[in-house]
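# Make a model of this:
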Amino acid sequence: MPYSHIGVSQSAAQQSLAQALAALGTEFKLPDGFSPEVLAEVDAVIAGHSLPAPDLTALPFITIDPPTSQDLDQAMFLEREGDGYVVHYAIADVPSFVPAGGPLDAETRRRGQTIYTPGQRIPLHPTSLSEGAASLFANDPRSAYVWEIHLAADGTQTSALVRRATVRSIAKLGYEEAQKMYDAGNSPAAFAETLALLAEIGTKRIDLERARGGASLNVPAQEVEFVDGRYVLEFRPNLPIEDWNAQISLLTGMAAAQVMIDGKVGILRTMPAPDAEAIAAYRLQTQALGNPWDPEMAYGAYLRTLNTADPKHLALMHAASTLFRGASYTPFNGSVPAEVMQAAVAAPYAHTTAPLRRLVDRFVLAICAALCAKEPVPTWAIEALDLLPEIMSASNQLANKVDKAAIDTIEAALLSHQVGGEFDAVVLAGPKRNGHNSKASAARSFIQISVPAVTGYCDGDLEAGTVVRVTLTSVDIAKRSVKFVQSSQI
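Residues are numbered from 1 along each chain as shown. Take a look at the predicted model:
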């Protein structure tokens, strides 16, 4: 699928777009700022905050994030240890900034996570904390929970622990910047080894994921950004460094899960394996689209064979989302639950690396640190365990709805001046597989046009994976509606 970078510039469409996006806050009842009580508590906590021992500021940590990010949750320093490795992964010390039972604690439980809209974020914490005192900015000493994870030569974990410490990042890198440094071999000496080992460890962890049957659904990202005064829709595959970086986060989440399982207290991110019916249906689709799934191959390994530049493969990747369902949070205290696996990871897993942006991570960090130190788990963390699944489920649903509404709105704006125009499109799902009425007179198929990278519905019963020519018949920015009819099949 070609890279698409399409913007909405000054026009009547942009005015309608701005109004529609501004209305998202009201439509979804998003919070508007923080109360004076919360802000006063945050100011007092920041003013009285002290850095913990030990002092690890001599270690050259770096952060790798989207270039505009200011809420920096993670910093890493990687080094060799014999024929293996040590991963030092610093996570923002949010627990020390949130007094249990206080106004900020209550407000973060109402929010659950940071919500992103184009050009704006509705943060989980006030920005003086999330983009200030707790963020792991370069050159500033920061309090952090530092994971120390030892790996064997093949990348398998041999031990892991986490503790509070003071760290200092020496560089704030964007993904593309870091990728270019690695590719060119011109990284500054201070962190050249970390970038080199990120590729080495990340690749080995991907191999281990494949071996244990894990699956990554690497659909090209469709992102909305606000750049130079206009909204932009980007559609691009992940850079290799993003995948390597994600493997370090996955490694840490797996380490956290095992610490809590061993300690018999915590909260896991779980997901059941696909049921037999879903797998059978997907196998039929792979056969129908000419790329059959070998029964001897794990579904994660199969997904990695798909190439999004191939229309049939793109349709199969979209259809594979039916295999990634039922994710939830599973709390436990005193005994380990019967189901601990996250099927896509193919291992027990916990959310622990994004406490500035996700509520549950704050509790996981505190629990893991206490267990590693062989200290009592904080009462405030234990008392929250049974409440967190509902909070996180509601916030995840809200975040997904807002994200979809924003993208649908911008897609409509991008096409608003092209009604009557024709486009090349890939059929991602036909009516029968997409849950719609299968009668031809009422059928709608789910499609993606090539440029701009917009999805929508086309009238008619079309076969998934086919490339068709479609005509745009109507656009309604306020209703986030884009409709097509088939012109011809290519």
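# When you work out contacts or count neighbours from here on, use the C-alpha atoms and nothing else.
OK.
# Give me the pLDDT value at the most centrally placed residue in the chain.
For the chain, residue 246 is the residue whose C-alpha lies nearest the centre (Cα atoms, centre = their mean; 9.2 Å). On the pLDDT scale, residue 246 is placed at 94.
# now it: how far from residue 15?
In this view, residue 246 and residue 15 are 37 Å apart by Cα to Cα, to the nearest Å.
# Residue 163 too?
From residue 163 to residue 15 the distance is 50 Å (Cα to Cα).
# now do residue 117
17 Å.
# So for the two, which residue has more residues nearby?
residue 117 (21 against 14; other Cα atoms under 10 Å).
# what's next to stretch 202-218, contact-wise?
For stretch 202-218, contacts defined as Cα atoms under 8 Å, 6 or more residues apart in numbering pick out 154-156, 237-238, 243-245, 247-248, 298-301, 303-304, 317, 320-321, 343-347.
# Give me the buried subset of the residues you listed.
154-156, 243-245, 247-248, 298-301, 303, 317, 320, 343-347 (16 or more other Cα atoms under 10 Å).
# So which of those belong to strands?
residue 347 (DSSP state E).
# Distance-wise, check the residue nearest to residue 395 when sequence neighbours are not counted relative to residue 387.
Once flanking residues are discounted, residue 395 sits nearest to residue 112: 5.3 Å by Cα to Cα, 6 or more residues apart in numbering. Plainly put, residue 112 is 11 Å away from residue 387 if you go by Cα to Cα.
# With residue 340 instead?
On the measure of Cα to Cα, residue 340 and residue 387 end up 18 Å apart.
# show me where pLDDT drops low in the stretch 101-250 of the chain?
217-237 (pLDDT under 70).
# all helices of it, in order?
103-111, 127-128, 175-184, 189-212, 240-263 (DSSP state H, counting those that start in this stretch).
# So what angle separates the directions of the fourth one and helix 175-184?
It refers to helix 189-212. With axes from the mean of the first three to the mean of the last three Cα atoms, to 10 degrees defining the directions, helix 189-212 sits at 100 degrees from helix 175-184.
# higher neighbour count, residue 112 and residue 387?
Here residue 112 and residue 387 are set side by side on neighbour count (other Cα under 10 Å), and the busier one is residue 112, at 25 against 12.
# Now do the same contact list for that one.
By Cα under 8 Å, 6+ apart, the residues touching residue 112 are 124, 358, 359, 360, 391, 392, 394, 395.
# Let me see the confidence value for the last one.
At residue 395 the predicted local distance difference test score is 97.
# The second one too?
Reading off the per-residue confidence, residue 358 sits at a pLDDT of 98.
# can I assume it is in contact with residue 111?
No. Using Cα atoms under 8 Å as the test, residue 358 is too far from residue 111 to be in contact (9.2 Å).
# Now for these two: what residues contact both?
residue 124.
# mind checking the end-to-end distance for stretch 463-482?
20 Å.
# Out of the helices of the stretch 101-250 of the chain, which gets nearest to residue 78?
When the helices of the stretch 101-250 of the chain are compared by Cα to Cα, helix 189-212 sits nearest residue 78, at 4.9 Å.
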